[in-house]
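Colleague: Output the structure for:
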Amino acid sequence: MIRPMIVRLVALLGSLSPLLLHAQAPESLMVVEAYSGKILVAANSSIKRPVSSLNQLATSIVAVDWATATAADISQLVITAPPTVALVGGPNPMHLQPGDKLTLRDALYSTLLGSDNLAALTIADHIGSQILAKRGKTGDPVAAFVVEMNRLAELVGMTNTKFVNPHGLERPRANGYSCAADVARLSIFTMRRNALNFIVRQKERQINVIGSSGKRGYLIHNPHELLGAEGLLGIKTGASAAAGPCLTTCMDREPLVRVKPDGSKGATPRRLIVVLLNSPDRFSRTRSLLQQGWSIYDAWLKDGAPVTEARREILAVPAPN
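Modeller: Next comes the predicted model:
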């Protein structure tokens, strides 16, 4: 009698643990200049924690990289929502049902702008199936896709990250995690993909779904409140009970042109990435951190861009291929 009660109590605590984590965890943040890797502001940036649908940045990178590798046209490739979408909760802006069809591009729009858990799962199911088929294997296609997400994390240097699903929903005894520094790395990688760079800067997008009753159209809005400010390019919002309000943002400035000793001119591109995890006032905090970050970066450049201890001062991100 006592043992079953203990088992149930452990299970209950397991289901509550994400909520307790959110309640106890401080805000994590990082501000980094993307091209130099210079860390400008950071706090609790290595703490492992849930990051909600920021997880979907990795989903999208794996998807577009697969499309590139297989010469698939994301605007033409049609994917089908699997039966398992009926079991997924959270945002579903397109009201996806099992059997609904849409292009991979529209699924990416709904994932990145609408934090669409069902679209993310549909992407993973289709591409995971293709990966298994190419390898002559059978199994869970979504699990195969998540393996690729974790390979991406390893490639990017995200040592404090583990992905367990393509959408970021927290599950009892199966929660993924990341940290502000790793989300910054992931954001830098995302913005290097032209297709994703274009998607995340859109304020809205009309997309279409074909279901059993015909074609349905939806207007997906980007909830990033700062989008539209000069130089601001997105990129992703996220929120859940365990993760709290999360936001990653990219902002560009015109390249800094300098005259070299030989008289030629050189241009230094400038891009800030701001990551906030569990930040109740994420948009105003981001606005303030962008101003602070640019000020620190400009002063650093003026001082000759010194680096005393690269491991602490520079965010290591693999160079573009």
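Colleague: which ones are touching G89?
Modeller: G89 makes contacts with N117, L169, as judged by C-beta atoms under 8 Å, 6 or more residues apart in numbering. Bear in mind the C-beta positions are built from the backbone N, C-alpha and C, glycine included.
Colleague: separation between it and H167?
Modeller: In this view, G89 and H167 are 10 Å apart by C-beta to C-beta, to the nearest Å.
Colleague: Check G214 too.
Modeller: Applying C-beta to C-beta, the value for G214 to H167 is 27 Å.
Colleague: again with L155
Modeller: Going from L155 to H167 by C-beta to C-beta gives 21 Å.
Colleague: The two: which is more packed in?
Modeller: Neighbour tally, L155 and H167, criterion other C-beta atoms under 10 Å: the higher count belongs to H167, 25 against 12.
Colleague: Number of residues surrounding V164?
Modeller: 17.
Colleague: all helices of the stretch 51-200 of the chain, in order?
Modeller: Secondary structure of the stretch 51-200 of the chain, counting by DSSP state H, counting those that start in this stretch: helices at 56-69, 104-114, 117-134, 141-156, 180-192, 194-200.
Colleague: Ok, which of these comes nearest Q76?
Modeller: helix 104-114 (8.4 Å; C-beta to C-beta).
Colleague: so which helix or strand takes in T249?
Modeller: For T249, the host element (DSSP states H and E) is strand 244-259.
Colleague: Check which residues of whatever helix or strand comes next after that strand are buried.
Modeller: As assigned by DSSP H and E, the chain's next helix or strand after strand 244-259 is strand 265-277. Buried residues in strand 265-277, counted by 16 or more other C-beta atoms under 10 Å: R270, R271, L272, I273, V274, V275, L276, L277.
Colleague: what do you get for stretch 29-40?
Modeller: Buried residues in stretch 29-40 (16+ other C-beta under 10 Å): L29, M30, V31, V32, E33, A34, S36, G37, K38, I39, L40.
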